[in-house]
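[1] requesting a structural model of the entry that follows:
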Amino acid sequence: MRGTFQYTVQAGDTIASIAASFSTSEQKIRELNFLPDDNIFAGQILIVPEGEPTPTPEPFKHVVQEGETLFSIAALYGVQPFVLVEVNNIQNPDALAVGTELLIPGVASPSTGGGDSEDSGGADASQPG
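    Residues are numbered from 1 along each chain as shown. A predicted model of the protein is given here:
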């Protein structure tokens, strides 16, 4: 191992995302920090083995549509609802206004693995034009 450094956990981080960002394993991070599970929180200081960092993708921007909830949006992107609340400084998670732009950390685009989602005719992501 080349060495270690301290990393401050950011909102939306997971053990897996930190390990991937620094080209190390989840197990090494758990061992170095005596973590019994994957529960971490924003502001927590972790010891991380040095590796070759990989760039973190820019947060994806999602515009709230009619009928969407914080939970449905979180599920779409595979993130925890509380992460969206923290990152977007949402005061009332039960009252998302249509048209509100939300930052979705750690993802480049929505998850398309679910077979139960509505077919939007290929218009799931808006692209600048």
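
[2] buried set for the helix or strand residue 27 falls within?
    Assigned by DSSP states H and E, residue 27 belongs to helix 26-33. By 16 or more other Cβ atoms under 10 Å, the buried positions in helix 26-33 come out as 26, 28, 29, 30. For glycine as for every other residue, the C-beta is placed from the backbone atoms N, C-alpha and C.

[3] would you turn those into JSON lines with pLDDT and distance to residue 78?
    Listed next are the buried residues of helix 26-33 as JSON lines, based on pLDDT from 0 to 100; distance: Cβ to Cβ, whole Å:
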{"residue": "26", "pLDDT": "90", "distance to residue 78": "17"}
{"residue": "28", "pLDDT": "92", "distance to residue 78": "23"}
{"residue": "29", "pLDDT": "93", "distance to residue 78": "20"}
{"residue": "30", "pLDDT": "93", "distance to residue 78": "21"}
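
[4] closest to residue 44 among those residues?
    residue 29 (11.6 Å; Cβ to Cβ).

[5] and the closest one, what does it touch?
    15, 18, 19, 35, 46, 47, 48, 49 (Cβ atoms under 8 Å, 6 or more residues apart in numbering).

[6] which of those fall within helices?
    Counting by DSSP state H, those place 15, 18, 19 in helices.

[7] list only buried entries from the residues you listed.
    15, 18, 19.

[8] any chance of the residues you listed in a markdown table, plus distance to residue 61 and pLDDT?
    Output for these, formatted as a markdown table (distance: Cβ to Cβ, whole Å; pLDDT from 0 to 100):
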| residue | distance to residue 61 | pLDDT |
| --- | --- | --- |
| 15 | 26 | 92 |
| 18 | 23 | 89 |
| 19 | 26 | 87 |
